[in-house]
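J.: with the sequence up front, the predicted model follows.
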Amino acid sequence: MSGCPHVPDLPRPEPVPLGDTCPECLAAGTHPVQLRLCLSCGHVGCCDSSPGRHATGHFERTGHPVMRSFEPGEKWRWCFVDGSIV
């Protein structure tokens, strides 16, 4: 884990998820491999192992830096800017 400078700027408590699956995958009729939650706005997107890579696409569009796994039992977070677990 690193001392990511983006973590202190995250909203507390974390945002409410905007859905229970990746809306882009749902619209495209594809199946998300793993889900990620944007810790800036609550967007739920699929991981880079999914065809659409929608969590990364969300970061590229918005600049929201930190997401966490949205999978049951997983609590790890990732900073796209720093490229590390935080």
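T.: Nice, thanks for sending it over. Numbering: from 1, shown residues only.

J.: helix or strand right after the longest helix anywhere in the chain?
T.: Using DSSP state H to define each element, the chain has its longest helix at helix 54-62. Downstream of helix 54-62, the first helix or strand assigned by DSSP states H and E is strand 66-69.

J.: neighbouring strands for that following strand, and are they parallel or not?
T.: strand 35-38 (antiparallel), strand 77-79 (antiparallel) (DSSP bridges).

J.: most neighbours per residue, which of the ones you listed?
T.: strand 35-38 (a mean of 24; mean count of other Cβ atoms under 10 Å). Any C-beta I mention is one placed from the backbone N, CA and C, and that applies to glycine too.

J.: other residues contacting it?
T.: Identification of contacts with strand 35-38 by Cβ atoms under 8 Å, 6 or more residues apart in numbering yields 14-15, 17, 21-22, 43-47, 55, 58-59, 62, 64, 66-71, 78.

J.: tell me the confidence at the closest residue to M67 other than its chain neighbours?
T.: For M67, ignoring the flanking residues on the chain, the nearest one in space by Cβ to Cβ, 6 or more residues apart in numbering is R36 at 4.5 Å. The model reports R36 with a pLDDT of 98.

J.: just M1 next, same as before
T.: 48.

J.: I'd say V86 and H6 touch.
T.: Yes: between V86 and H6 there is a contact at 7.5 Å, judged by Cβ atoms under 8 Å.
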